[in-house]
Each structure stands twice: as C-alpha cells, then as structure tokens.
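**Student:** Give me a 3D structure for the following:
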Amino acid sequence: MNELIYIADDETNIREVVKSFLESEGYRVTAFEDGDQLLASFQEEPCDLIILDIMMPGSSGFDVCRQIRQTSTVPIIMLTARDSDLDYATGINLGSDDYFTKPFSAMSLVMRVKAIFRRVEYERAASNRASDSLLTFADLELNQQSKKVLLADKPVELTPNEYNLLAYLLENSDRAVSREELLNNIWGYTCEVETRAADDTVRRLRKKIADGKVVIETVWGFGFRLKEKSASDK
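**Tutor:** This is a model prediction of the structure:
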C-alpha cells in the first residue's frame, strides 16, 4: 500500500490522531496546519486522497476544494464542526466525495478512506473493460472513453460520483439496483458504513437530467432504476 494522503486541519489533536490511524493501516500521510499549505504541496506533488477541514485560518476547505477541482479529480473528504445540511450540500456540490462531522471516530474515517480507494480501483477496472464505450437510454448518452455525457445532444456536467452512478445505472438499465449495491460498487462502502452518499448523489443527478426523457425512479425500500418518462411524468 503506497497511497499518499494529505490532511489539513488546524486542530493538532485531530491531525495527529487521524495521521496515526492512517499510517497504522499502511498509508503515507502528510499533515498540514491549514489548507493553503496543503494546496501548495499538492501543486508540487499531487497525492492520492485529501482530508480537508472546512473552517481553517486562511483559505477555507471549500476554497481549497474548489481550486483543486479545477485541475484534479483526487478524492476529497471534508471535515466540519457543524452538522449543517448547507455545509454538506456545498461540499458535495464543489466535488468532495464525502463529509464527516466533528467529533467523529478515527476508525470510521479510516473505513471511508479504504472504501474510496476501493471505488478508485473499481473505476480503473471499469475503464479497462469499457470496450463497448457508449451507453444510451432514451435521449441520454454516456461515452465511457471520453467521459462525456449528453442529454438530447447537449453536454451535462457531472461530478465524478454523479458520473459513476449514472454509468452504473445505464449498465444495469434492465433492472432495479439496490442502495447497498451502489454503495459497494460505486463508493466501495460496506453495509456497515452509514452514509447519505447514494441518495444525495441521485438527488443531484435527477436535477441535472430533469429536462430529458429519463427518470431515476425510486424503488421504495430497495433502491433505484432508470425509466423513460411517460406522459404522466412530463
């Protein structure tokens, strides 16, 4: 295991505890007192995953996430002292992969890190097996080689998680897909990990394809499936 992880948090105790837990699992970890230091180091030597506090001296975690997303899709986990849906939505919309509210269990964070790296491996495997690169459903088209999505021939901008979820639903458009299956295959989470990732990603994806002919239908108590809009849906 050679993955390099950067942490930025102005609380020394949190930095050191998380760093210690991750290093005990075999990861290489560099910790920073603020986001500006992390960003400067990332520009010189990109890492494999970032753990980023929101409220720090200098640039906020949101600012750092925004700047990193201009050039990189590296996985980002956001940390915050506030259990705020607005913070959560802001971080996810900026392209972060997950969100932890302080105080949190360091071991739970390690489990999320492992899950994200499993997801990265899934993405690589999916990319390698993408011989049939074009996935379509009604007026929705996803090209697995170019990573471009078109809705009625117009481009749709998606975050990495939105793209991966849509690709998985398109690959399995003949059936309903459970939340557990999505969490396992897209995020790499086991059923023991509590997260709103699947539901929140579906919610954002629905908004982005709302003008097309495709609906992501909820199968209550189970998961989701793709459906072509009927007259009653329009």
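**Student:** tell me the SS of residue 64?
**Tutor:** State at residue 64, reduced to three classes by DSSP: H, G, I helix; E, B strand; the rest coil: helix.
**Student:** contacting residues around it?
**Tutor:** 8, 35-36, 38-39, 52 (Cβ atoms under 8 Å, 6 or more residues apart in numbering). The C-beta positions use only the backbone N, C-alpha and C, and glycine is treated the same way.
**Student:** hmm, which of these are the buried ones?
**Tutor:** Of the members of the contacts of residue 64, the ones counted as buried by neighbours, 16 or more other Cβ atoms under 10 Å, are 8, 35-36, 38-39, 52.
**Student:** and stretch 168-179, which residues are buried?
**Tutor:** So, applying 16+ other Cβ under 10 Å, buried residues of stretch 168-179: 168-173, 176-177, 179.
**Student:** do stretch 209-228 as well
**Tutor:** Residues of stretch 209-228 classed as buried by neighbour count (16+ other Cβ under 10 Å): 209, 212-216, 223-227.
**Student:** In the chain, where is pLDDT below threshold?
**Tutor:** Scanning the chain for pLDDT under 70 picks out 1, 82-92, 126-132, 189-195, 231-234.
**Student:** Break it into its domains for me.
**Tutor:** If you go by automatic domain parsing, the domain ranges for the chain are 4-124, 134-233.
**Student:** and the end-to-end length of stretch 23-31?
**Tutor:** In stretch 23-31, first residue to last residue: 11 Å (Cα to Cα, to the nearest Å).
**Student:** ah, wrong one, I meant stretch 35-51
**Tutor:** End to end - Cα to Cα - stretch 35-51 spans 10 Å.
**Student:** Buried residues, that stretch. List them.
**Tutor:** For stretch 35-51, burial by neighbour count (16+ other Cβ under 10 Å) applies to 35-39, 42, 47-51.
**Student:** Looking at these, which is nearest residue 154?
**Tutor:** residue 50 (31.8 Å; Cβ to Cβ).
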